[in-house]
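**Student:** the amino acid sequence is not available; the structure is as follows:
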């Protein structure tokens, strides 16, 4: 709708529609989708559905993944890590059992924001991570310099300038790439790398127009969340981070 010639090459999805309309897999592949990403919050329907808070979500993921597998399209599996980390091992065993020995897999920690605040008591410690099998610990992504560090390790790295995690640290003008925005269904526009909360909203595409919304990134009075973020992660880590935390 915005002028792109085709879909991006990857499609992260919860599988809900693909499970009901498996023929869409071939349609998406014809449109340029080269691989799908599915996320697991547990290795069975009880655990995963409790994590997603939607009954049937586990079966949706598995049915959709089988349709993608049968179409011989690549799948990337993402596992959400929380205590006990034995659940991550169970997720890995499940995908290997169902989809073969060469599955692509990544492990992610839940962000401490939104509903993620409710999982803070389940955040793994350094000792928990050490107990994780090496082949799974090595699958924590390290995009933009963030991986499976403890808070203390990450705070130290940010304060000392050893990590370039966000837009400012990667020398993006105005602290956010104005060419990459998130458009929500209600027309709300947000910086790509920030949260979809009122503190970060740039405007509404339907009401304000694109130029006015993007302009807020360049103004001296940006949304509150963007203004705070412009201080830079090194300064924010020094003020708010806990260098002693092993979470």
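**Tutor:** Sure, I can see it. All figures in this text were calculated on a predicted structure; none of them were measured in a lab. Numbers count the residues shown, from 1 in each chain.
**Student:** can you give me the helices in the chain?
**Tutor:** Using DSSP state H, the helices of the chain run over residues 16-20, 24-30, 45-52, 57-70, 86-99, 126-131, 134-137, 151-159, 205-208, 210-215, 224-229, 233-240.
**Student:** got TSV for these, with mean neighbour count too?
**Tutor:** (Each C-beta comes from the backbone N, C-alpha and C, glycine too.) Shown next, in TSV, are the helices of the chain (neighbours: other CB atoms under 10 Å):
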stretch	mean neighbour count
helix 16-20	17
helix 24-30	15
helix 45-52	17
helix 57-70	20
helix 86-99	17
helix 126-131	14
helix 134-137	14
helix 151-159	19
helix 205-208	14
helix 210-215	15
helix 224-229	17
helix 233-240	15
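**Student:** give the residue farthest from the middle of the chain.
**Tutor:** What lies farthest from the middle of the chain is residue 220; by CA atoms, centre = their mean that is 29.4 Å.
**Student:** select the longest strand from this structure.
**Tutor:** Longest strand in the chain, counting residues (DSSP state E): strand 74-81.
**Student:** what is that one packed up against?
**Tutor:** Judged by 3 or more CB pairs under 8 Å, 6 or more residues apart in numbering; DSSP states H and E, the packing partners of strand 74-81 are strand 35-40, helix 57-70, helix 86-99, strand 104-109.
**Student:** can you lay out those as TSV showing mean pLDDT?
**Tutor:** Formatted as TSV, those follow (pLDDT from 0 to 100):
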stretch	mean pLDDT
strand 35-40	96
helix 57-70	97
helix 86-99	95
strand 104-109	91
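**Student:** could you dump those into TSV with distance to residue 236 added?
**Tutor:** TSV is the format used below for those (distance: least, CB to CB, whole Å):
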stretch	distance to residue 236
strand 35-40	28
helix 57-70	34
helix 86-99	29
strand 104-109	19
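**Student:** find the nearest non-adjacent residue to residue 131, please.
**Tutor:** Computed as CB to CB, 6 or more residues apart in numbering, the closest residue to residue 131 that is not its neighbour in sequence is residue 85, at 6.5 Å.
**Student:** confidence score at that neighbour?
**Tutor:** For residue 85, the pLDDT comes out at 90.
**Student:** so it is in contact with residue 126, correct?
**Tutor:** No: the pair residue 85 / residue 126 is not scored as a contact, 11.8 Å apart, by CB atoms under 8 Å.
**Student:** center of this protein - which residue?
**Tutor:** residue 108 (7.8 Å).
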